[in-house]
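Student: Provide a 3D model corresponding to the input given below.
(one chain, ligands or ions: 1)
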Amino acid sequence: MFIGHFGAGLAGKKAGKDISLGTLIMAAQWLDLVWPVLVLLNIEIVKINPGDTKLTPLNFESYPFSHSLLYTFIWGLLFAAVYFLIKRNLRNSIILGLLVVSHWVLDLFVHRPDLPLYPGSALHGFGLWNYPLIEIPLEIIIFAAGIYLFVSISKPKDRIGVFAFWGLIIFLSVIYIMNLFGPPPPDTNSIAYAGIGMWLLVAWGYWADRHRVRKIMNS
Ligand SMILES: [Zn+2]
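Tutor: Below you'll find the model as predicted:
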C-alpha cells in the first residue's frame, strides 16, 4: 500500500479542515516513516525476495516496533499527544491518532500475513498484493477519493498552491507506477534510504498547504 495511505491522509482534511497536509501525510505514513530508521539501525529486518507477493519484492521479515498493532496504537497516542501539546486541539489530535492507526488497517488488507498484533504474536495479512486486479483499483480509488475530499475543503491561494499540490499528486502517482513495474531495489539499504526520503513528501505537503486556504462553503 503506497498511494492508498496518501489517500487516507488527503481525506483527513475533510475531518480536520485546519490540519496541514504535511501533518496529515506524516500521520497516515507514520509507521512507514519510522520503519526505514529501524531498518537502518538493524532493529527491523526487510529482505528483497522477487515474487514474495505479486506486487512487491519486499519481504517484511520482522517489523514489530513500526508495524505491530500494539505499537501502532502507541504511536497513534504519541502522535495525538504531541499534536495536542503543540496545537491544543483535541478534535484534530484524535483525527491524527486515527490516521496513524489507519495505516495498519490498510496494510492488513494488502500484506501477506507478516503483520503482528504485538511483538512475537501470530502474523496477519489478507494478501491483496497477490491479487493485482483487486489491489491496484482499490488503492487508486482510495487515492482518488482522498484527492476529491481534499480539494472539496482546500483551494489554492496562489499559483504555487496549484502546482505544489498537483505536482505532489503526480509525483506520488509516478512513484506508485514505478514501484509496480520497475525492477526490484538493489539492496535493503536503498529501500531504507528511499523510505527516509519520504520525509521530503511530508515537507512537500507543508509547502503545498501553506499556499492553499480553506474553501468557504456555500450556505
Ligand atoms: Zn506500512
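
Student: use CA for all of it now, contacts and neighbours both
Tutor: Noted.

Student: Quick check: the gap between residue 202 and residue 183.
Tutor: Computed as CA to CA, to the nearest Å, the residue 202 to residue 183 distance reads 26 Å.

Student: Neighbour count: the two, which is higher?
Tutor: Ranked by neighbour count (other CA atoms under 10 Å), residue 202 and residue 183 place residue 202 first, with 21 against 10.

Student: ok, now which ones touch the residue minimising distance to the centre of the chain?
Tutor: When the chain is reduced to its mean C-alpha position, the nearest residue by CA atoms, centre = their mean turns out to be residue 29, at 3.0 Å. Neighbouring residues of residue 29 by CA atoms under 8 Å, 6 or more residues apart in numbering: 5, 6, 100, 103.

Student: Next, count neighbours for the second one.
Tutor: When neighbours are defined as other CA under 10 Å, residue 6 has 27 of them.

Student: Quick check: it is in a strand.
Tutor: No - secondary structure of residue 6, determined by DSSP: H, G, I helix; E, B strand; the rest coil: helix, with no strand assignment.

Student: now it: how far from residue 45?
Tutor: As defined by CA to CA, residue 6 lies at a distance of 24 Å from residue 45.

Student: in the helix or strand that contains residue 107, what counts as buried?
Tutor: Assigned by DSSP states H and E, residue 107 belongs to helix 90-110. In terms of neighbour count (16 or more other CA atoms under 10 Å), helix 90-110 has its buried residues at 92-104, 106-110.

Student: cool, and stretch 19-30?
Tutor: 19, 20, 21, 22, 23, 24, 25, 26, 27, 28, 29, 30.

Student: which strands and helices sit next to the helix or strand the fourth one falls within?
Tutor: Going back to what we said before, that points to residue 22. Remark: residue 22 resides in helix 21-28, with elements defined by DSSP H and E. For helix 21-28, the elements it packs on are helix 3-15, helix 90-110, helix 199-210, judged by 3 or more CA pairs under 8 Å, 6 or more residues apart in numbering; DSSP states H and E.
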